[in-house]
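> Please find the sequence and the predicted model below.
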Amino acid sequence: RALHTMLSVINAAKHATRPLCRYVSNVSMSITESGVALVKLDCTGEKQNSLSDEMIGEFDTITNAIESDPKVKAAVLISAKPGSFIAGANIKMIERLGASSKEAVAEVGEKGQLCMDRLEALQKKKPWVAAIDGACLGGGLEMALSCAHRVATTSSKTVLGLPEVMLGLLPGAGGTQRLPKLIGARPALDLMLTGKQVKADKAKKLGLVDTVCDPNALERTAIATALQAAEGTIKPRKRKVGWTDWFLEKTAPGRLLMFNQASKQVEKQAKGKYPAPPAILASARAGLEGGHAEGSKVERELFSHLATTSESAALRGLFFGSTECKKNPFGEPAMRVETIGVLGAGLMGAGIAEVSAAKDIRVLLKDRDLRGLSRGQAQISGNAGKKLKRKRLTKYSHDAMLSRVVGLTDGHASWTKHFSQADMVVEAVFEEMGVKHKVVREMEAVVPPHCIIASNTSTLPIGEIASVAERPQNIVGMHYFSPVDKMPLLEVIPHETTSNEVCAAAVDVGIRQGKTVITVKDVPGFYVNRCLGPFLVEAIALIQQGADPLVLNSALTSFGFPVGGVTLADEVGIDVSTHVVNNLIGAQPKFLGVRMEGADLSMLDAFVNAGILGRKSGKGFFDYSDAKAKQKPLNKEALEIAKQFRHPTKSATSLSKAELAERMVLRFLSEAVHCLESGVIRTARDGDIGAVFGIGFPPFLGGPFMYIDKLGAANVVEKMEALQKSEGDQFAPPRLLLEHAKSGRPFHGGAQP
């Protein structure tokens, strides 16, 4: 009897998992005894599932099999990869689309739309359930929207969204049509215009998913849902339309009001620099007004247009670059860093502690006294509290994160015992070489031999910091950007004798902290600040030539920067800006030489001596004394000092905003190319990533090298040479740029030096 029972179970198991389509590689199907087809997605050789031409073709084959098989009552669409449903369109396919004609892109878009339309048409006859665990983004969500029901797991990895706007695109497989109908136009527009990704519980409240379950119960919950749908005991969700939504979606005056308001908000945010948000509005509107067929036509046309724009190319380039930066160029670290000591609980130190503790790393946060430590702890707990309030953290995650931060001071006798267990120490102390040397000596006497000592210096040479170390191979630079919890970039800076194992560990820590990591050469200013130096010098030069600081600010924000150069100096701190600039002055090749000329930089010293340090001191170029004033007035004291440094012969008062911005941006471009030429950065893509994620170089331009490619190197050289004649050799084009201008070779797509 026992043998008979065992054989019955084996036969049932075989029947339940019998593959019906052995000839497809990314999609498989089996049928349960109850008649539910289990369609499993598993992109061969990939960590994440993604939609590609190949997968869509295979999915059509599976769909045909399900439609024609009388044994199948319903279907469940599920991933064979735990923690990954469908993360969006395949990256290689997106790259190919960018190089294709509008007609070719439209053809691909139509293929995706037809696939989703066909899936949706099957739902009345044989309902499908999308079983979602992990990322359900872009085309993945569009496929789920075509199913009758959606079940999602409570896993922290489960997120749903249509982030195409972040690539300068719109959802091109019916997303702009189905999402507004399912959850309402207003929440749908919010998701599509921002690229927001929502967790399962939020998705259920929106009506985006029907059921939320534990990851371990996903398959059986989805199968049960599919059977209920096949039996007619549950129906596809129908949204209850209130009076307001009825007016906004179903009446012409309401749609006019809704889309006019949305357009104003988009214009305020995008400032005409990003074509995707208006296209999303147009596509969604076409569907609400003209129906699915008309909306799909507009969606397809606009998608093919967006895919061939320079803005989308720039944003896709940044996406590909940031994806590459999530890979460790030094390989897996030999030892995983589990405990990090952070020296200094100021703004930077507390920020480093916060992003570490948030990613399950134990932190030893040390300051000189209890007052300094308390300030840092308050910053961390305050930020965590805000996330808890906004439900970005659970109560458990909030408490666990705070428990990972151990506060210590010089007065704690046990601090040395704690630090003797550290795998890495990040110092965020005063920017003075003597202080850095003292820290290195003190730490080496306390920490274990394997412990890495990382400096968060923004300009000081890492090799010089390591010169007093007994274990210089363990010293590395890790330059975070302020505020650390918001700025995504991390520069990792090895000096000449830093070991590869230490570099691997430093990059790994940065990636685990959620940072976009680039590795740069140990030179004054590293990469971002090295480019920022000439940029700020040109801002000072223009002010000294009579440019209005307000107009100068407006010129840069109109160009696409998040803030103007004058505001940037105030926010960073004029004393810090002075320190950055002064550390770049000196003979080439170590320093920048003539590339730091063009302005009388003693004006910055005069500001510092007068206590004009920027926002933190209440006065900089702007007067911050009135905390409630939205538009801060110019600081009269600063203007008086600036008058003393007015250039005797040159004038920038007649320059347009575009000309003002061009002069500053050309200085930045020039230094970026110098950095690539001298090996400060490894690739042009790293240079773009550093500029965009480090100081907010306009993302729609893709970074300095993408921007040069867009303008053409020859045109950039022509502009620089014209300014070299009128302003000086600080505008002389770099040798590498001249070579690219002569050959016509772009920085992206051609061989790198």
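Yep, it's here.

> Listing request: residues of the stretch 51-200 of the chain with sub-threshold pLDDT.
98 (pLDDT under 70).

> Which residue ranges of it form helices?
Assigned by DSSP state H, counting those that start in this stretch, the stretch 51-200 of the chain shows helices spanning 53-68, 91-98, 102-121, 139-145, 175-183, 185-194, 200-206.

> Kindly report the same for the stretch 251-400 of the chain.
252-270, 276-290, 292-307, 310-324, 347-357, 370-389, 395-403.

> With respect to burial, which of those helices scores highest?
Mean neighbours per residue, mean count of other Cβ atoms under 10 Å, is largest over the helices of the stretch 251-400 of the chain for helix 347-357, with a mean of 25. Backbone N, C-alpha and C define where each C-beta goes, glycine included.

> Name the nearest residue to residue 556, sequence neighbours excluded.
Ranked by Cβ to Cβ, 6 or more residues apart in numbering and with sequence neighbours excluded, the top spatial neighbour of residue 556 is residue 564, at 4.5 Å.

> How about residue 440?
Excluding its sequence neighbours, the residue lying closest to residue 440 (Cβ to Cβ, 6+ apart) is residue 469, at 5.2 Å.

> how deep is that neighbour tucked in, by neighbour count?
By other Cβ atoms under 10 Å, 17 other residues sit near residue 469.

> where does it sit relative to residue 441, distance-wise?
Separation of residue 469 from residue 441 (Cβ to Cβ, to the nearest Å): 8 Å.

> ditto for residue 357
From residue 357 across to residue 441, the span is 27 Å (Cβ to Cβ).

> And residue 127, by the same measure?
Taking Cβ to Cβ, one finds residue 127 at 70 Å from residue 441.

> Neighbour count for the two, which is higher?
A direct count of neighbours by other Cβ under 10 Å for residue 127 and residue 441 places residue 127 higher, at 25 against 12.

> is it true that that one touches residue 146?
No - the criterion here is Cβ atoms under 8 Å, and residue 127 misses it with residue 146 at 11.5 Å.

> Would you mind naming the residues that bridge with residue 366?
Applying DSSP bridges to residue 366 gives these bridge partners: residue 343, residue 408.

> Quick one: neighbours of it, just the number.
A count of nearby residues for residue 366, using other Cβ under 10 Å, gives 26.

> Hmm, residue 411 and it touching each other?
No - the pair residue 366 and residue 411 fails to qualify as a contact (Cβ under 8 Å) at a distance of 10.6 Å.

> Beyond the lowest-mean-pLDDT helix or strand in the chain, next helix or strand please.
Sorted by mean pLDDT, DSSP states H and E, the helices and strands of the chain end with helix 2-16, the least confident at a mean of 36. Sequence order places strand 27-31 as the next helix or strand after helix 2-16, per DSSP states H and E.

> Each with direction, which strands does that next one pair with?
For strand 27-31, pairing defined by DSSP bridges yields strand 36-41 (antiparallel).

> The partner strand vs helix 53-68, what angle?
Note on geometry: by axes from the mean of the first three to the mean of the last three Cα atoms, to 10 degrees, strand 36-41 and helix 53-68 are set 180 degrees apart in direction.

> Can you give the distance of stretch 655-665 from its chain's centre?
Computed by Cα atoms, centre = their mean, to the nearest Å, the chain-centroid distance of stretch 655-665 equals 28 Å.

> Not counting it itself, show me its contacts.
The contact list for stretch 655-665, computed with Cβ atoms under 8 Å, 6 or more residues apart in numbering, reads 535, 538-539, 542, 547, 551-552, 554-556, 558-559, 565, 652, 719, 723, 727.

> Equivalent analysis for stretch 295-313, please.
Outside stretch 295-313, the residues touching it (Cβ under 8 Å, 6+ apart) are 97-98, 100-103, 105-106, 109-110, 113, 117, 167-172, 174, 176-177, 273-276, 279, 282-284, 286-288, 290, 700, 702, 706, 710.

> Just the buried residues from those residues, in PyMOL please.
Entered in PyMOL, the line below selects the buried ones among the contacts of stretch 295-313, by 16 or more other Cβ atoms under 10 Å:
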select buried, resi 97+98+100+105+106+109+110+113+117+167+168+169+170+171+172+174+176+177+274+275+276+279+282+283+284+286+287+288+700+702+706+710
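
> Before I go, just wanted to say thanks for your time.
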